[in-house]
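>>> can't give you the sequence, but here's the structure:
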DNA sequence: ATCTGAATTGGTAGCGCTGTCATTGTGATT
DNA sequence: AATCACAATGACAGCGCTACCAATTCAGAT
């Protein structure tokens, strides 16, 4: 080992009195070498502070320890939570993360998948289940485990970790019905439409239909006012509570007897709460408010906001674990992992026994 | 080119009727080859769909296109914004990002820096200016551009992109004084202390001292109630508005005549607003509220919240640009780049001419 | 004693690219 | 015409590692 260089496998081998290739085996597949050799090599590694050169390893083995992770947005805290799980799960493993951001653009997603696959990743983790046909086929032929995350499907490319947005939307809507709300609006921004949002919407609609409460005028889809081609999501804008304030005003104007609003996400719920405060509506008596994701930003609201807890951190963590299990040859036999959701029941929908529904309906 | 393989530089060279090394030059340093050759090689690249193998390139040149980016947290939206800037700036370049999360742990930061430097990155981008001495020296000897971001300092390791937190804290406090507030509290959670938060606090204190308004009892530092060793930040917890509600209660109990609260960040400001609403305090008349960062979550609050806009996206973007300029040998002569801040003046501190300050002081 | 096969170790030959030379050809200089 | 400088291209070797195959050892079977 020259003084100016970091030690190489050859240096380790020399110190351990074996050939470089044997040292390689002792390090990578310790099970197939003798105990004595393994100990000698490990001691040499320790002594020299040897760290394998990952570029050389990747070049020689056409197999890497890189996990490609593709998310549609870095602006939404949703994906921060997922990434936190991913990075925490990766930390104790030899894997490294390559992160890509599609900005909700299918073409960009295809480009990123193609780019990442050139590096022969150990695994690919992508967000959502609605990849384009080209993206699907690229991933199917990737020759590595593929984990789709966030949403569930009966037809995963390989495996999927998430929860059902339809069930989640249904569950929250049932909760609102059980609390005595009868005119339950849904607030939704079209500029940010995606399959997951649509799933929640479907769950809401199904629950209302089952209860005989469905009315199309309860759906408030705010269209982006900007006539440019790109959706707001693609331009990196993020949903803010501000978007919801005009949304609630329009919903109340359109459908005055609305007694609860199920918001497609928490920033909207916060905005609805502020608009209700601004208009002097009592929450939860006059208006029930429910959010989605149970994100940190709504903790501390007054009144406290009901939301639907989604296992975002867990999804990221579990996606890595699943990929790792496949890489190590011990895959979970079940390719579809539903991590479930839960209603975080708080004051903003807590109308039980406090106010007869008929009174509430009569407010306008 | 064998059918089962992606094309290599040799394939390109064969098609362009030149040697592989010449093809390499045509691709990497097009300026030094003849126009004719360059065009032949480019045509071959295009035709074969050739993409260089980055692992091989890294191995051969001991120089990579990887930028190591180290942030203290993925949970805070602050860093999501920075990362968005980083990833957007990197997209059109040949650079790739390696992201590390220190969880606000200096030891983990040292580990990550060491790990990243083994890959001979093209540049390192780290958060903050308060690296440990070991981390500083590792970065100083890295042999690549180093950009510190978020905070400014007179003594950067190499270059720094950010803004002065002291100035920012000062600026907001001046704004509150100019609005007629005289008993301006500062809300701060000790569990999340870091040099940047402390800087803002110093700015606040300096502005009050200059105006003869400083009083130590105006500082509300909430200590984490959890007696475990690790700070809350390190455990991945995030500040929520909920933390601020008890904080405001204690501040008002301790220092009843407080007429404004400058919050160390926006989630706290939101919590203070909710607590004010819960207590029936009028904002901005009885209590002025100012946040920090001007993050999306406060847009739409009622009353709208004043905050201090910080150029988070721009910092990430600019940090990459600076690194790139150094790599390409055209560095900005100025190693310290101050992107500045601005008060986003909104209703929660808009008391000018509306209420004589003496009345507000007398509320309790 | 010979053979067989498993367990263990070593040798060779690259992976795809680029650093460092050496070589060729061209026009300018003396 | 001889010399030089420089631009353009090529040859060689090697970055650090591992796939592949060969060699060795040794226990147990024949």
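Received it, and whenever you're ready, just let me know what you need. All figures in this text were calculated on a predicted structure; none of them were measured in a lab.
>>> which residues of the stretch 51-200 of chain A score low on pLDDT?
A:190-193 (pLDDT under 70).
>>> would you mind listing what in it touches DNA strand C?
A:56, A:59-60, A:62 (CB under 7 Å from any atom of the strand). In short, each C-beta sits where N, CA and C put it, glycine included.
>>> filter those residues down to the buried ones.
By neighbour count, with 16 or more other CB atoms under 10 Å in any protein chain shown, those hold residue A:59 as buried.
>>> from the residues of the stretch 51-200 of chain A next to DNA strand C, which two are the most distant?
By the measure CB to CB, A:56 and A:62 form the most distant pair in those, at 12.1 Å.
>>> mind jotting down where the strands sit in chain A?
A:66-71, A:96-101, A:123-127, A:146-151, A:159-163, A:184-189, A:219-222, A:260-263, A:288-290, A:307-309, A:336-338, A:342-344 (DSSP state E).
>>> any chance of those in CSV, with distance to residue B:305 and mean neighbour count too?
Below are the strands of chain A laid out as CSV (distance: least, CB to CB, whole Å; neighbours: other CB atoms under 10 Å in any protein chain shown):
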stretch, distance to residue B:305, mean neighbour count
strand A:66-71, 29, 26
strand A:96-101, 29, 22
strand A:123-127, 31, 26
strand A:146-151, 31, 26
strand A:159-163, 33, 26
strand A:184-189, 21, 25
strand A:219-222, 22, 19
strand A:260-263, 20, 32
strand A:288-290, 19, 31
strand A:307-309, 21, 22
strand A:336-338, 39, 17
strand A:342-344, 24, 17
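>>> ok, which of the ones you listed comes nearest residue B:30?
Between the strands of chain A, strand A:96-101 lies closest to residue B:30; by CB to CB that is 27.5 Å.
>>> need the residues that contact that closest one.
Under the contact criterion CB atoms under 8 Å, 6 or more residues apart in numbering or on different chains, strand A:96-101 has outside partners A:54, A:65-74, A:83, A:86-87, A:90, A:112, A:115-116, A:119, A:121, B:84, B:87, B:96-99.
>>> now that strand against strand B:96-101, angle please.
Counting by axes from the mean of the first three to the mean of the last three CA atoms, to 10 degrees, strand A:96-101 lies at 110 degrees to strand B:96-101.
>>> strand A:96-101 near DNA strand D anywhere?
No. Using CB under 7 Å from any atom of the strand, strand A:96-101 stays clear of DNA strand D, with a minimum separation of 14.6 Å.
>>> and the angle from that strand to strand B:66-71?
Using the same axes, to 10 degrees: strand A:96-101 against strand B:66-71 is 80 degrees.
>>> give the buried residues for stretch A:138-157.
Buried, per 16+ other CB under 10 Å, within stretch A:138-157: A:138-139, A:142, A:144-152, A:156-157.
>>> what does stretch A:9-21 give?
For stretch A:9-21, by 16+ other CB under 10 Å, it's A:9, A:11-16, A:18.
>>> check stretch A:98-118 too.
A:98-105, A:108-110, A:112-113, A:116-117.
>>> so who does the residue most central in space within chain A touch?
Residue closest to the average C-alpha location in chain A (CA atoms, centre = their mean): residue A:150, at 4.4 Å. Residue A:150 is in contact with A:82, A:127-129, A:162, A:196, A:315, counting by CB under 8 Å, 6+ apart.
>>> same deal with residue A:157?
A:131, A:136, A:139-140, A:146, A:148.
>>> doesn't residue A:342 make contact with residue A:172?
No. Under the criterion of CB atoms under 8 Å, residue A:172 makes no contact with residue A:342, lying 10.2 Å away.
>>> okay, and the common contacts of the two?
residue A:308.
>>> and the pLDDT at residue A:237?
Looking at residue A:237, its pLDDT is 67.
>>> what parts of the stretch 151-300 of chain A come near chain B?
Contact residues, the stretch 151-300 of chain A versus chain B (CB under 8 Å from any CB of the partner chain): A:236, A:238-245, A:267, A:270-271, A:274-275, A:277-278, A:296-300.
>>> redo that, cut-off 7 Å
A:236, A:238, A:240-242, A:244-245, A:267, A:271, A:274, A:277-278, A:296-297, A:299-300 (CB under 7 Å from any CB of the partner chain).
>>> quick check: the two most widely separated of these?
Going by CB to CB, the two entries of those that are most distant from one another are A:236 and A:277, at 29.4 Å.
>>> picking up where we left off before, what are the bridge partners for the residue nearest to the centre of chain A, then?
residue A:162 (DSSP bridges).
>>> and the gap between it and residue A:189?
Using CB to CB, to the nearest Å, residue A:150 is found at 18 Å from residue A:189.
>>> same question, residue A:152
Applying CB to CB to residue A:152 and residue A:189 gives a distance of 23 Å.
>>> what do you get for residue A:215?
Applying CB to CB to residue A:215 and residue A:189 gives a distance of 20 Å.
>>> quick one: residues contacting the residue of the stretch 251-364 of chain A found nearest DNA strand D.
Using CB to the nearest atom of the strand, the single residue of the stretch 251-364 of chain A nearest to DNA strand D is residue A:327, 13.3 Å away. Residues near residue A:327 by CB atoms under 7 Å, 6 or more residues apart in numbering or on different chains: A:122-123, A:145.
>>> same question for residue A:117.
A:138, A:142.
>>> make it 6 Å
The contact partners of residue A:117, taken as CB atoms under 6 Å, 6 or more residues apart in numbering or on different chains, are residue A:142.
>>> same question, residue A:134
Residue A:134 touches residue A:110, counting by CB under 6 Å, 6+ apart.
>>> give me the distance between it and DNA strand C.
24 Å (CB to the nearest atom of the strand, to the nearest Å).
>>> quickly list what residue A:97 is bridged to.
Residues in beta-bridge contact with residue A:97 (DSSP bridges): residue A:67.
>>> how far away is it from residue B:319?
For residue A:97, the distance to residue B:319 - CB to CB - is 20 Å.
>>> same question, residue A:210
Taking CB to CB, one finds residue A:210 at 53 Å from residue B:319.
>>> these two: which has the busier surroundings?
residue B:319 (29 against 13; other CB atoms under 10 Å in any protein chain shown).
>>> spit out the contact partners of the more buried one.
B:125, B:147, B:149, B:161.
>>> and which of the residues you listed is nearest to residue A:181?
Using CB to CB, the contacts of residue B:319 come closest to residue A:181 at residue B:149, 47.3 Å.
>>> thought that closest one was touching residue B:316?
No. Here residue B:149 does not reach residue B:316: they are 7.1 Å apart, not a contact under CB atoms under 6 Å.
>>> as a quick check, tell me the outermost residue of chain A.
Most peripheral residue of chain A (CA atoms, centre = their mean): residue A:17, 49.3 Å.
>>> what's the burial count for the nearest residue to it once chain neighbours are set aside?
Nearest in space to residue A:17, with sequence neighbours left out and distances taken as CB to CB, 6 or more residues apart in numbering or on different chains, is residue A:40 at 6.8 Å. Number of residues near residue A:40 (other CB under 10 Å) recorded here: 21.
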